[in-house]
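Trainee: sequence plus predicted model, see below.
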Amino acid sequence: MGDELHGQSVLVTGGGRGLGAAICDALAADGAKVFVADIDESTARMCAERLHTRGLAAEAMRMDVTDERDIAQTIARVHEASRGLDAVVNNAAIDKTLPIDELSTADWDRVLATNLRGPFLVARQAVKYMRGRKRGHIVNIASTASKRAWPNASAYHATKWGLLGLSHALHAELRPLGIKVTAVIAGGMKTPFLLDRFPDIDVSTLQDPANVARAVRFALSMPDESVVAEIMVLPMRETSWP
């Protein structure tokens, strides 16, 4: 592993565990200072401490991606602490697996607020700092749920299809400003997001989140003259994709 990201500051939402923690690990190992942002401050702190024990640069911070003021204050702190914000990774996501006639309006709103409104708010705030520098990178963690659909996940699909559309729209809008936008479409992973909710899932059909984290690192490591607008990373036995 090289050090293409050496000295860069990267904010990762939902960074305390699962894919978020794997992304923090991969980027910090490549020399970035990662800001581990999570609504659960204790998991963010544990992730940062694990990186500290390896001599890597990380800072834990509590951030709620549904809270606009919280986002603004956190990104301002990152910018001030690092004299610039190089990248944000919109990874935080939740799901409510229910048939539509059992899905409450409150649950629908909560999933959309976290998975789609959150990335919009984070990106909008980050652009305020990236615009002046004429550089920066926004990575949005999508899913195979943004390409096809399965039952009892209407809210999740709505957000991931929306996030993919948002990502490509921002790619077109921000590229002239020197700001890159990448959508990472991840297949099933061995993370609490799936394992906690589906204990009987066949783990042989899932991939290590570290493999998806490597794709994020690859996108962030591209030379200034190029951008990876979309990348898909699937397990070899992916069940939600042909």
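Mentor: Thanks, I have the structure now.
Trainee: how far away is the most centrally placed residue in the chain from Ala22?
Mentor: Residue closest to the average C-alpha location in the chain (C-alpha atoms, centre = their mean): Asn91, at 2.1 Å. The gap separating Asn91 from Ala22 is 10 Å, by C-beta to C-beta, to the nearest Å. The C-beta positions use only the backbone N, C-alpha and C, and glycine is treated the same way.
Trainee: same check on Asp109?
Mentor: Counting by C-beta to C-beta, the gap from Asp109 to Ala22 is 29 Å.
Trainee: those two: which is more packed in?
Mentor: Applying other C-beta atoms under 10 Å to Asp109 and Ala22 shows that Ala22 carries more neighbours, namely 24 against 13.
Trainee: low-scoring stretches of this structure, by residue?
Mentor: Residues of the chain meeting the criterion pLDDT under 70: 1-3, 239-242.
Trainee: state which helix of it is the longest.
Mentor: helix 154-174 (DSSP state H).
Trainee: next structured bit after it?
Mentor: Sequence-wise, the next helix or strand downstream of helix 154-174 (DSSP states H and E) is strand 179-186.
Trainee: give the other helices and strands that that next one contacts.
Mentor: For strand 179-186, the packing partners by 3 or more C-beta pairs under 8 Å, 6 or more residues apart in numbering; DSSP states H and E come out as helix 118-133, strand 136-143, helix 154-174, helix 209-220, strand 230-233.
Trainee: what comes up buried for stretch 95-106?
Mentor: Judged by neighbour count using 16 or more other C-beta atoms under 10 Å, the buried positions of stretch 95-106 are Asp95, Lys96, Leu103.
Trainee: sorry, that was for stretch 168-176
Mentor: Neighbour-count burial for stretch 168-176 [16+ other C-beta under 10 Å]: Leu170, His171, Leu174.
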